[in-house]
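S.K.: Fold the following, please.
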Amino acid sequence: MVVVEEAEARAAATGAPAPDVAAQSVAAAADPGPPLFELKNISKRFPGVIALDDVSLQIRAGEVHVLLGENGAGKSSLMKILCGAYTADTGEFFHQGEKVTVSSPADARRYGSR
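M.R.: Numbers count the residues shown, from 1 in each chain. A predicted model of the protein is given here:
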């Protein structure tokens, strides 16, 4: 990478330690802003069952996520909350960094959940 080589050459010429330019570049590229969707501290209970207990999830545009777990682990409940079929008992829902209320499938579609 040219930027890294230039920084190392400058450091060698001046006797200063080489800055970690690669790490700085990765850190700058790794800050894409707020997630498209974010669920924070989501809990959902059904009679006699705690389906979700303090679950958080961030989804950014272009990402692919996999939910993996045993039967009864809460995978379907989490997706139903994300798409508005269920409402969470506790927790918060954010769309592009702004707190929103999702209490129906129409609300979820308005924020891009399909």
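S.K.: Quick check: which ranges of the protein have low pLDDT?
M.R.: Within the chain, the set of residues satisfying pLDDT under 70 comprises 1-12, 14-31.
S.K.: And the helices in it?
M.R.: Here the chain has its helices, by DSSP state H, at 2-14, 21-29, 75-82, 105-110.
S.K.: Point me to the residue sitting closest to the centre of the protein.
M.R.: Centroid-nearest residue in the chain: Gln58, 1.7 Å away (criterion: Cα atoms, centre = their mean).
S.K.: in stretch 49-64, what counts as buried?
M.R.: Buried residues in stretch 49-64, counted by 16 or more other Cβ atoms under 10 Å: 51-52, 55. C-beta here means a position set from N, CA and C on the backbone, and glycine is covered the same way.
S.K.: these two touch, right, Pro32 and Arg60?
M.R.: Yes: using Cβ atoms under 8 Å, Pro32 is in contact with Arg60, at 6.2 Å.
S.K.: domains of this protein?
M.R.: Domain assignment for the chain by automatic domain parsing gives 1-31, 37-110.
S.K.: For Lys40, the count of nearby residues, please.
M.R.: For Lys40, the neighbour count with other Cβ atoms under 10 Å is 16.
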